[in-house]
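Trainee: Provided below for reference: sequence and predicted model.
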Amino acid sequence: MTTLLILTLAAQVLDAEFERVGKLPSGVIGATAIHVETGRRASFNGGEHFPMASSFKVPIAIELLSRVDAGQEKLDRMITVRQDDFHPGSGTLTPLFNPPGVDQPGVALSLRHLLELMLRISDNSATDILLREVGGPEPVNARLKQLEISGIAISGPTKTMIENWRADADAFNRDRRDSATPDGMALLLHRLALGKTLAPGSTNLLLDVMRRCDTGESRLKGLLPKDTVVMHKTGSIGGTTNDVGIIRLPGDAGHVAIAVFIKASGSPVAQRERAIAEIARAAHDYFLFVKAH
């Protein structure tokens, strides 16, 4: 049996595992995993659109850092944050104003600080401030097009995203605004890991912040061996539960870029997170033990 045939059969096993988990009663599941160093991949519902929720903060971060690389922006630039910048999902910024509700001149935070808040604790106000500072959704979408990434569309701030979900949760699941395909998001992460989206310093900065993400311990990381390095960003809203990132495999086995999305779920969040964890573990083990020669 040739090496190519063995790899093909093994890949079919991984695809089948993705499909098995995808058919569990956890909602509509989509997943794509790409071995960074070889380009081998597995996918289930990879071309279907899913609400990104807070995983859309990764493309925003890439646009911000692209501007830094081009000399158009500096991470130490200070931004005045005011009370009217706050909305739901702003757990860290809100206490900076004490007492609440009292008109104050605001506080100044650097773009670097806001980037940390956006990615590490998923602060929505920090996100919308950064989206505003890069010029809104249009430059982010233009950057994705420049990078030849399809299947990802950003239409507005998190505040509007939350309002759309509250207005009609069913329509939200079908909406192409602020949505991504697993294929598109995994490809973006794949190119990030290869250093093809940002300069080396910005790549390292972004991956370091994502490595220190404080959310989603039971998602991509949930069933992986202890101390596995995962650079990721979660997303959650209503029946949507997501986690996207880059898994570092042991030794010289490389990395896995992976995007797992769940939408339209009525299952408990713990059940959705278990599905994400099972997909991540399957991808981890496959790319670790089945190697191209």
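Mentor: Looks like it came in fine. Numbering: from 1, shown residues only.

Trainee: For residue 232, give me the backbone phi and psi.
Mentor: phi -150, psi 170 (degrees, to the nearest 10).

Trainee: Can you tell me the closest non-neighbouring residue to it?
Mentor: The shortest distance from residue 232 to any non-neighbouring residue, by CB to CB, 6 or more residues apart in numbering, is to residue 245 (2.6 Å). To be clear about C-beta, it is placed using only N, CA and C from the backbone, and glycine gets the same treatment.

Trainee: who's in contact with the one residue sitting closest to the centre of the chain?
Mentor: The centroid of the chain falls nearest to residue 55 when counting by CA atoms, centre = their mean (3.5 Å). When contacts are counted by CB atoms under 8 Å, 6 or more residues apart in numbering, residue 55 is found next to 180, 185, 233-235, 242-244, 259, 261.

Trainee: again with residue 197
Mentor: 62, 66, 147, 188, 191, 203.

Trainee: If we use 10 Å, what do you get?
Mentor: 59, 62, 65-66, 69, 143-144, 146-147, 149, 188-191, 203, 206 (CB atoms under 10 Å, 6 or more residues apart in numbering).

Trainee: phi, psi of the residue nearest to the centre of the chain?
Mentor: phi -70, psi -10.

Trainee: can you give me the helices for the stretch 51-200 of the chain?
Mentor: For the stretch 51-200 of the chain, the helices defined by DSSP state H, counting those that start in this stretch cover 57-69, 111-120, 124-133, 137-146, 158-167, 169-174, 182-193, 200-211.

Trainee: Mean neighbour count, these: which tops it?
Mentor: helix 182-193 (a mean of 25; mean count of other CB atoms under 10 Å).

Trainee: what stretches of the stretch 51-200 of the chain score poorly on pLDDT?
Mentor: The model of the stretch 51-200 of the chain has pLDDT under 70 over residues 87-106.

Trainee: If we use 80, what do you get?
Mentor: Scanning the stretch 51-200 of the chain for pLDDT under 80 picks out 83-106.

Trainee: Next, count neighbours for the spatially closest residue to residue 50 that is not a sequence neighbour.
Mentor: Using CB to CB, 6+ apart and skipping the chain neighbours, the partner closest in space to residue 50 is residue 261 (3.6 Å). With neighbours defined by other CB atoms under 10 Å, the count for residue 261 comes to 30.

Trainee: surely residue 261 meets residue 27?
Mentor: Yes: in this structure, residue 261 is within contact of residue 27 by CB atoms under 10 Å, at 9.4 Å.

Trainee: Distance from the chain centre to the helix or strand containing residue 275, please.
Mentor: In the assignment (DSSP states H and E), residue 275 maps to helix 269-289. When distances are taken as CA atoms, centre = their mean, to the nearest Å, helix 269-289 is centred 16 Å away from the chain's centroid.

Trainee: Return it as PDB; C-alpha atoms alone will do.
Mentor: This file holds the C-alpha atoms of helix 269-289, laid out as PDB (Å, rounded to 0.1, in the frame of the first residue of the first chain):
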ATOM      1  CA  VAL A 269     -23.600  25.000  26.400                       C
ATOM      2  CA  ALA A 270     -21.600  22.200  28.100                       C
ATOM      3  CA  GLN A 271     -22.800  19.800  25.500                       C
ATOM      4  CA  ARG A 272     -21.800  22.100  22.600                       C
ATOM      5  CA  GLU A 273     -18.400  22.700  24.200                       C
ATOM      6  CA  ARG A 274     -17.900  18.900  24.500                       C
ATOM      7  CA  ALA A 275     -18.500  18.600  20.700                       C
ATOM      8  CA  ILE A 276     -15.900  21.300  20.000                       C
ATOM      9  CA  ALA A 277     -13.400  19.500  22.300                       C
ATOM     10  CA  GLU A 278     -14.000  16.200  20.600                       C
ATOM     11  CA  ILE A 279     -13.300  17.700  17.200                       C
ATOM     12  CA  ALA A 280     -10.200  19.400  18.400                       C
ATOM     13  CA  ARG A 281      -8.800  16.200  20.000                       C
ATOM     14  CA  ALA A 282      -9.500  14.200  16.800                       C
ATOM     15  CA  ALA A 283      -7.600  16.700  14.700                       C
ATOM     16  CA  HIS A 284      -4.800  16.900  17.200                       C
ATOM     17  CA  ASP A 285      -4.300  13.100  17.300                       C
ATOM     18  CA  TYR A 286      -4.600  12.600  13.600                       C
ATOM     19  CA  PHE A 287      -2.000  15.200  12.600                       C
ATOM     20  CA  LEU A 288       0.200  14.100  15.400                       C
ATOM     21  CA  PHE A 289       0.300  10.500  14.600                       C
END
